[in-house]
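[1] I'd like to go over a predicted model; first the sequence, then the structure.
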Amino acid sequence: MESSGLVLAAKVAAAAIIVVTASRATERAGPLLGAMIATLPVSAGPVYVFLAIDHGAAFISESARMSVAATAATAAFVGAHAVAAQRLATPASLALATLAWFAVALALQFRDWSFVEACLLYVGAFILAIRGLRRYAVALEAPPVPRARFDLALRALLVAVVVLATTYASHALGPTVAGVLATYPVVFTCLVLILQPRCGGRFAASVLVISLKGMLGFGLALAVLHLAAARMSVTAALLLALAVAVAWNTMLLVLNRRRLQFPIRRAPRPPG
């Protein structure tokens, strides 16, 4: 029992360090590069590593299949926040976004999604979200503001909750529920709580909306993980999925520099 407690504590600590480091880099990088960093598997990745250690390749493959479908809940999170953040304060806009995520995640539990169905749902949800939320992808400069003292503790606490929840769910409820919980947008939640009070709702919404195309790569990485985990070692499958996510976001950055990606409109200058 003591040994299992130490292992769980190590899981939480390792995942928290990864997420804190990645989200701090996001704050310093600006909306576009920050969005690409935020959509790397910095929270789901550690969760899947720990699930692999506990349960093996077959469990990971099934969890990843459900995670592909569950990315639709993340699209709902981003959409709800983008609309709410234009007029509402941080607590209200984040509450609505989280409610949207849980509503979609709960609805997904009522169907046993095949891999093909999960992929179609994920692609369809993100195409609709990218097209429907384009007007919120405004390139804004973050104002120079001091960091809040609770930043690091908040990010560590959020990822700890997700790791604990997925660890429990994997043992008690199986790979389907664990696969959904693994995709909870920890980094997006942190960014909303930290960026919106300091930089405004439009800036926070812009970062999340710009992130949607990066999230397509995240879903693709999960699909690769589902297929690879059934055919090769868990370590190789996880590394391959990570490589897919990194390659996708790198491609988006290169295309953006050539002015072929991300039709972001600039915010109009104030008169005078």
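    Yes, it's here.
[2] phi, psi of the nearest residue to Ser61 once chain neighbours are set aside?
    Closest residue to Ser61 apart from its sequence neighbours, by Cβ to Cβ, 6 or more residues apart in numbering: Ala229 at 4.0 Å. Bear in mind the C-beta positions are built from the backbone N, C-alpha and C, glycine included. The phi/psi pair for Ala229 (degrees, to the nearest 10) reads phi -60, psi -20.
[3] Distance of the residue nearest the centre of the chain relative to Cys199?
    Closest to where the C-alpha atoms of the chain average out (Cα atoms, centre = their mean) is Pro185, at 4.1 Å. Pro185 sits at a distance of 18 Å from Cys199 (criterion: Cβ to Cβ, to the nearest Å).
[4] hang on, the earlier thing: Leu239 versus the residue nearest to the centre of the chain, what's the distance?
    Distance of Pro185 to Leu239, given as Cβ to Cβ: 23 Å.
[5] What of Ala57?
    From Ala57 across to Leu239, the span is 13 Å (Cβ to Cβ).
[6] Pick out whichever of these two has more residues nearby.
    For Ala57 and Leu239, the more surrounded residue by other Cβ atoms under 10 Å is Ala57, and the numbers stand at 19 against 13.
[7] residues touching that one, list them.
    Counting by Cβ atoms under 8 Å, 6 or more residues apart in numbering, Ala57 touches Ala229, Ala230, Ser233, Val234, Ala237.
[8] Which pLDDT value goes with the residue nearest to Ser61?
    Ala229 is assigned 87 on the pLDDT scale.
[9] Around it, how many other residues sit close by?
    Burial measure for Ala229: 27 neighbouring residues, criterion other Cβ under 10 Å.
[10] Could you do the one 3 residues further on as well?
    Around Met232 sit 13 other residues, with neighbours defined as other Cβ under 10 Å.
[11] Can you tell me the SS state at it?
    coil (DSSP: H, G, I helix; E, B strand; the rest coil).
[12] ok, now which ones touch it?
    Contacts for Met232 (Cβ under 8 Å, 6+ apart) come out as Leu240.
[13] Now Gly200: phi and psi?
    Main-chain torsions, Gly200, degrees, to the nearest 10: phi 100, psi 160.
[14] And it, how far from Arg87?
    Using Cβ to Cβ, one obtains 12 Å as the distance from Gly200 to Arg87.
[15] More neighbours: these two, which one.
    Neighbour count, other Cβ under 10 Å: between Gly200 and Arg87, Gly200 has more, with 17 against 9.
[16] pLDDT value on that one, please?
    pLDDT, Gly200: 83.
[17] nearest spatial neighbour of Leu99, skipping sequence neighbours?
    With sequence-adjacent residues excluded and distances taken as Cβ to Cβ, 6+ apart, Leu99 is closest to Ala80, at 7.4 Å.
[18] Can you report how many residues neighbour the one you found?
    Neighbours around Ala80, by other Cβ under 10 Å: 21.
[19] again with the one 4 residues further on
    As a burial measure, the neighbour count of Ala84 was computed by other Cβ under 10 Å and equals 20.
[20] about what we covered before: for the residue nearest to the centre of the chain, which residues are in contact?
    Contacts of Pro185 (Cβ under 8 Å, 6+ apart): Thr74, Phe77, Val78, Trp101.
[21] Was I right to think Val224 contacts Leu240?
    Yes: the criterion here is Cβ atoms under 8 Å, and Val224 meets it with Leu240 at 5.9 Å.
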